[in-house]
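*Asks:* Fold the following for me, if possible:
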Amino acid sequence: MNNTELVKNPTKSFAKYVSLNVLSMFCFSLYILADTFFVANGIGSQGIVALNLALPIYSVLNGAGLMIGIGGGTQFSIALGQKDHLTSNKVFTHAFILAISLGVIFTVIGAGFPEQLATLLGAHENVMELTSIYIRTVFSFSIVFILNNCLLAFIRNDGNPNLAMIAMLCGSFSNIILDYVFVFPCQMGMFGAALATGGSPVISLIILSTHFLRKKNGFRLTRCKLMLQRFGKILSNGLATFVGELSSGSVILLFNYVILDLTGDMGVAAYGIIANIALVCLSIYNGIGQGIQPIVSYNYGAGKTKNVKRTLWMALTVALGFGVLFYLSGLFFSSGIIAAFNREGSQELIQLATRGIHIYFIGFLFMGLNIACTSFFASMAHARQSFLISMLRGFILIVPLVLVLPRLWQMDGVWWTVPIAEIVTFLIAALIAKSSIRTMEQNAQFTEQEMDLS
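*Replies:* Take a look at the predicted model:
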């Protein structure tokens, strides 16, 4: 799809970009879900505990790549909307350098200090070895994780969402296949699960590299003066996305600490099931957010205010639809979800996870709306608004709630933390969005009046 279609037919563009990104991100989330399924059935509940303790490191890697990709992609697409191809190439060059640099840093940290990181994440003696193995292995692939997310965003913004989808699908399916092979026939345990996860973005990158063979490729590395200001813009525009991903990992870490104190390993295993399902739902919401980014950015750069507003309302409608679907699925099919990860048939695990799903899934009704608003503001380079919404749902509300509510309601307090945080965030995000749209429309009317006078 040519970028001019983003202006001429935003509804058609929305249907294509969002559907492709939702499918891509859903399959991408199968990285961890496949690990959980095969670890649960190949290693047992201790494996689930170790994997859940290590999940925050995956959120950090994924978030770093998305931060650079979304932040750089926004600047890139706005430049395309303004027909400034020189700037778009400079943006990609800066983003590429950031991706490689962060990848090297994470590789050194993860490969050199896995036991210390495992301890920091709450691993105790029973699961220390399993957690450390997973951390060391996944962090060894830091460069490809970050670079893959970066290239995915730029290729989508360059009018080639089909290739991005194909790359993510192939990477995800290869992870599922390798998970089975490494965990069962090869009996490689936790190392095999981590190796399968780390190898998937390698396959995705190989497929993405074909984009540079296209004659219509709209970006490439270019020799230019490196500017701290440009690095800063990429990071600031993508910071809200990083906070959203980091908050997922931080919430898992914080919840693990609280749950260990309340119910021990079995509570962490129950939360591990819910957290992994939540990552899948979150990935679909992120797909909606990433899908609207090229459309909003390009139209915003081209001054098409009506298209920008229409895209937001379509995103909110789709996000709410998915929220209702997720909530009803948890309400009526919780037993089947839990059974897939409960090899031992533990009744305690069933009881804890069932109650958790019925309460926690209420948050999905509002989570997608908040993520759509975050992406909407980030796509227009309104970093402060997007950052505020991310901070509200990721840290500002979550932290005090998870520290206070369990003291009042025990495990029910843990499960209610996310729904309450998402509901309050949505009320604030709605006010910010309403004010921002009003201001944007007033500015557009003022610009039109100036043009008529001239």
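
*Asks:* can you tell me which helix in the protein is longest?
*Replies:* Criterion DSSP state H: the longest helix present in the chain is helix 411-453.

*Asks:* tell me what it is packed against?
*Replies:* Contact here means 3 or more CB pairs under 8 Å, 6 or more residues apart in numbering; DSSP states H and E; on that basis helix 411-453 packs against helix 228-262, helix 305-339, helix 347-360, helix 364-379, helix 383-391, helix 398-409. Using the backbone N, CA and C atoms, a C-beta is placed for each residue, glycine as well.

*Asks:* how about a cut-off of 6 Å?
*Replies:* Packing contacts for helix 411-453, counted by 3 or more CB pairs under 6 Å, 6 or more residues apart in numbering; DSSP states H and E, involve helix 305-339, helix 347-360, helix 364-379, helix 398-409.

*Asks:* buried ones in stretch 167-179?
*Replies:* A167, M168, L169, C170, G171, S172, S174, N175, I176, L178, D179 (16 or more other CB atoms under 10 Å).

*Asks:* Dump it to PDB, restricted to CA.
*Replies:* In PDB, the C-alpha atoms belonging to stretch 167-179 read as follows (Å, rounded to 0.1, in the frame of the first residue of the first chain):
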ATOM      1  CA  ALA A 167       8.400 -12.000   9.300                       C
ATOM      2  CA  MET A 168       6.600 -12.000  12.600                       C
ATOM      3  CA  LEU A 169       4.500 -15.000  11.700                       C
ATOM      4  CA  CYS A 170       7.500 -17.000  10.600                       C
ATOM      5  CA  GLY A 171       9.400 -16.100  13.700                       C
ATOM      6  CA  SER A 172       6.500 -17.000  16.000                       C
ATOM      7  CA  PHE A 173       5.800 -20.400  14.300                       C
ATOM      8  CA  SER A 174       9.500 -21.300  14.300                       C
ATOM      9  CA  ASN A 175       9.500 -20.600  18.000                       C
ATOM     10  CA  ILE A 176       6.600 -23.000  18.600                       C
ATOM     11  CA  ILE A 177       8.300 -25.700  16.600                       C
ATOM     12  CA  LEU A 178      11.700 -25.200  18.200                       C
ATOM     13  CA  ASP A 179      10.100 -25.100  21.700                       C
END
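
*Asks:* Counting neighbours, what do you get for V402?
*Replies:* 21 (other CB atoms under 10 Å).

*Asks:* what's the closest non-adjacent residue to it?
*Replies:* T417 (4.5 Å; CB to CB, 6 or more residues apart in numbering).

*Asks:* now F182
*Replies:* Per CB to CB, 6+ apart, closest to F182 is G192, 2.8 Å.

*Asks:* do the same with I146
*Replies:* Closest to I146 by CB to CB, 6+ apart is G65, at 4.0 Å.

*Asks:* Distance check, the one you found against Y257.
*Replies:* In this structure, G65 and Y257 are 27 Å apart, going by CB to CB, to the nearest Å.

*Asks:* Also I337?
*Replies:* Distance from I337 to Y257, by CB to CB: 24 Å.

*Asks:* With neighbour numbers in mind, choose between these two.
*Replies:* I337 (18 against 14).

*Asks:* Need the pLDDT of that one.
*Replies:* We have a pLDDT of 87 for I337.

*Asks:* okay, and for the stretch 151-300 of the chain, where does confidence drop off?
*Replies:* Scanning the stretch 151-300 of the chain with the threshold set as pLDDT under 70 gives 215, 249.

*Asks:* which secondary structure element contains the residue nearest to S283 when sequence neighbours are not counted?
*Replies:* Of all residues not flanking S283 in the chain, S29 sits nearest, at 3.5 Å (CB to CB, 6+ apart). Element membership for S29 (DSSP states H and E) is helix 10-42.

*Asks:* and the next helix or strand after that helix, which residues are buried?
*Replies:* Next helix or strand after helix 10-42 toward the C-terminus (DSSP H and E): helix 45-81. For helix 45-81, a neighbour-count test (16+ other CB under 10 Å) marks 45, 47-81 as buried.

*Asks:* now the helix or strand following helix 45-81 against helix 45-81, angle please.
*Replies:* Next along the chain after helix 45-81, taking DSSP H and E as the criterion, comes helix 85-112. Orientation check (axes from the mean of the first three to the mean of the last three CA atoms, to 10 degrees): helix 85-112 against helix 45-81 gives 160 degrees.
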